[in-house]
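1. Let me see the structure of the following:
(one chain, ligands or ions: 1)
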Amino acid sequence: MAEQAVPTVAREWHLAARPQGWPTPADFALVEAPVRQPGPGQILVRNEYLSVDPYMRGRMNDVKSYVPPFALGEVMDGGAVGRVVASQAEGFAVGDAVLHGLGWREYATLDAGHAVKVDAEAAPLSYCLGVLGMPGLTAYAGLLAVADLKEGDRVFVSGAAGAVGSLVGQIARLKGASRVVGSAGSAEKVATLVDDYGFDAAFNYKDGPVREQLEKAAPEGIDVYFDNVGGEHLEAAIWALNVHGRAVLCGAIAQYNDTSAPAGPRNLALAIGKRLRLEGLLVRDHAELQPRFTAEVAGWLRDGSLHYDETVVDGVEHAADAFIGLLRGGNTGKMVVRLAP
Ligand SMILES: NC(=O)c1ccc[n+]([C@@H]2O[C@H](COP(=O)([O-])OP(=O)(O)OC[C@H]3O[C@@H](n4cnc5c(N)ncnc54)[C@H](OP(=O)(O)O)[C@@H]3O)[C@@H](O)[C@H]2O)c1
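-> Okay, here's the model as predicted:
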């Protein structure tokens with residue numbers, strides 16, 4: 001394919017200020033920057049979908065973590081998928097679809113070694129930011145490798161209508177869980193969990209104490225808790241976990257915007273008598289599961305046994321709103337930003 005005409009400047013999102021508590025639009029700036037032609041071994045990609053993810057909130061703070069913080073006044077990065085529009089790299093041709101880490105911008109110039117080619121015929125391109133990508137592998141690895149899910153387990157997942165949570169509940173069921181319970185933040189999401197994703201029970205955590213609602217939804221307790229939320233949810237799950245129960249600590253979104261240290265869980269000592277295992281999960285530790293994950297999840301998508309939703313926000317100029325919306329629960333399934341075709 002011939003090289004495509006590319007503009008000399010394009011838009012990218014900078015972190016303008018470090019959010020104090022909840023991020024606001026003023027913390028972000030959409031800036032025009034030159035589009036750099038690829039050097040030897042590099043490709044130029046026109047992004048088609050950008051990912052916004054909860055972990056990015058942590059990167060907006062100036063603290064040491066498992067991913068470095070975003071620099072103030074610089075372009076942010078994150079998952080993105082797009083098409084090669086110019087290539088100086090062997091094995092990458094104009095028109096190839098690629099997944100890479102230079103999101104939050106319209107055009108990305110990068111070493112081809114940092115891009116992965118994806119099959120645009122196999123599934124919609126955006127799926128490699130969600131069900132067939134990082135959030136999908138998080139759900140799969142958390143359940144199978146960390147929780148060591150067993151047939152007959154009773155499973156509870158928080159953030160259950162989101163990208164990771166919606167897959168956790170469904171994969172648990174496909175792998176033989178005997179009861180799947182989820183929590184989410186609206187009546188519509190609760191209905192989606194039961195009607196579309198096949199959860200046995202679900203509740204809106206805003207309707208009352210999580211502990212009480214979980215006891216009603218899982219009267220025989222739970223064996224696995226997949227924690228996307230932390231705080232009150234984790235404490236309630238520790239109450240509900242059965243002897244030898246396992247909790248996968250995947251995320252703590254309830255406290256990402258806190259400005260003071262969170263309380264609890266106050267009942268951690270219960271873990272002794274119940275012989276609980278609470279284990280943190282980082283998806284990047286589980287790359288070895290990728291081939292098995294891709295084959296199995298793609299199969300479930302093809303045969304219709306896995307339901308997948310996306311919330312699509314159109315336009316690079318709305319990426320910061322999409323991110324803030326994600327933190328406020330504006331998404332069902334994976335939140336993605338679609339750039340103008
Ligand atoms: N450890 C890892 O390797 C790894 C990898 C990927 C993701 N994660 C973590 O997994 C979790 C889910 O990520 P995701 O990408 O799938 O995001 P997501 O669930 O699609 O989106 C975030 C959701 O969090 C919910 N939420 C916001 N504030 C909340 C609160 N105070 N209490 C309860 N729920 C709240 C919102 O839904 P409601 O409307 O239901 O409130 C929102 O839709 C996050 O904590 C993320 O950091 C970890």
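2. For the ligand, what's the nearest residue on the stretch 101-250 of the chain?
-> Here the stretch 101-250 of the chain gets closest to the ligand at one residue, residue 162, 1.8 Å apart by Cβ to the nearest ligand atom. Bear in mind the C-beta positions are built from the backbone N, C-alpha and C, glycine included.
3. Counting neighbours, what do you get for that residue?
-> Neighbourhood size, residue 162 [other Cβ atoms under 10 Å]: 30.
4. so it bridges to which residues?
-> On the basis of DSSP bridges, residue 162 is bridged to residue 333.
5. what's the distance between the most centrally placed residue in the chain and residue 159?
-> Centroid-nearest residue in the chain: residue 135, 4.2 Å away (criterion: Cα atoms, centre = their mean). Remark: distance between residue 135 and residue 159 (Cβ to Cβ, to the nearest Å) = 11 Å.
6. Then residue 179?
-> As judged by Cβ to Cβ, residue 179 and residue 159 stand 18 Å apart.
7. So for those two, which residue has more residues nearby?
-> When residue 179 and residue 159 are compared on other Cβ under 10 Å, the one with more neighbours turns out to be residue 159, at 28 against 21.
8. I figured the more buried one was touching residue 229, is that so?
-> Yes: using Cβ atoms under 8 Å, residue 159 is in contact with residue 229, at 5.4 Å.
9. Spell out which residues are contacts of both of those two.
-> When contacts are counted by Cβ atoms under 8 Å, 6 or more residues apart in numbering, residue 159 and residue 229 are jointly contacted by 183, 251, 253.
10. can you pull the contacts of the second one?
-> Same thing as residue 251. When the contact criterion is Cβ under 8 Å, 6+ apart, the partners of residue 251 are 54, 55, 159, 164, 227, 228, 229, 230.
11. in the chain, which segments are predicted with low confidence?
-> Where the chain drops to pLDDT under 70, the residues are 1-4.
12. So which of the shared contacts of residue 159 and residue 229 reach the ligand?
-> With Cβ under 6 Å from any ligand atom as the criterion, those include 251, 253 near the ligand.
13. May I see the shared contacts of residue 159 and residue 229 arranged in JSON lines, with secondary structure as well?
-> Compiled in JSON lines, those are given as follows (DSSP: H, G, I helix; E, B strand; the rest coil):
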{"residue": "183", "secondary structure": "strand"}
{"residue": "251", "secondary structure": "coil"}
{"residue": "253", "secondary structure": "helix"}
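14. Residue 292: which of the shared contacts of residue 159 and residue 229 is nearest?
-> Closest to residue 292 out of the shared contacts of residue 159 and residue 229 is residue 251 (23.1 Å), distances taken as Cβ to Cβ.
15. Quick check: residues of the stretch 201-341 of the chain near the ligand?
-> 205, 228-229, 250-251, 253-254, 281-283, 326-327, 329, 331, 335.
16. Which parts of the stretch 201-341 of the chain are strands?
-> 201-204, 222-227, 241-249, 277-280, 310-314, 334-338 (DSSP state E, counting those that start in this stretch).
17. among the residues of the stretch 201-341 of the chain next to the ligand, which ones are buried?
-> Neighbour-count burial within these applies to 205, 228-229, 250-251, 253-254, 281, 283, 326-327, 329, 331, 335; the criterion is 16 or more other Cβ atoms under 10 Å.
18. farthest pair in these?
-> Top of the distance list for these (Cβ to Cβ): 205 and 283, 24.1 Å.
19. contacting residues for residue 168?
-> Contacts for residue 168 (Cβ under 8 Å, 6+ apart) come out as 139, 142, 143, 155, 157, 160, 226.
20. Give me the buried entries from the residues you listed.
-> The neighbour-count test (16+ other Cβ under 10 Å) marks 139, 142, 143, 155, 157, 160, 226 as buried among the contacts of residue 168.
21. Cross these against strands and list the overlap.
-> Secondary structure from DSSP state E places 155, 157, 226 of the buried ones among the contacts of residue 168 in strands.
22. who does the first one bridge with?
-> According to DSSP bridges, the residues that bridge with residue 155 are residue 180, residue 224.
23. same check, this time on residue 80
-> Beta-bridge partners recorded for residue 80 (DSSP bridges): residue 50, residue 100.
24. Could you give the number of residues near it?
-> Neighbours of residue 80 under the rule other Cβ under 10 Å: 26.
25. which residues does it contact?
-> Neighbours of residue 80 in contact, by Cβ under 8 Å, 6+ apart: 45, 47, 49-51, 99-105, 108, 129.
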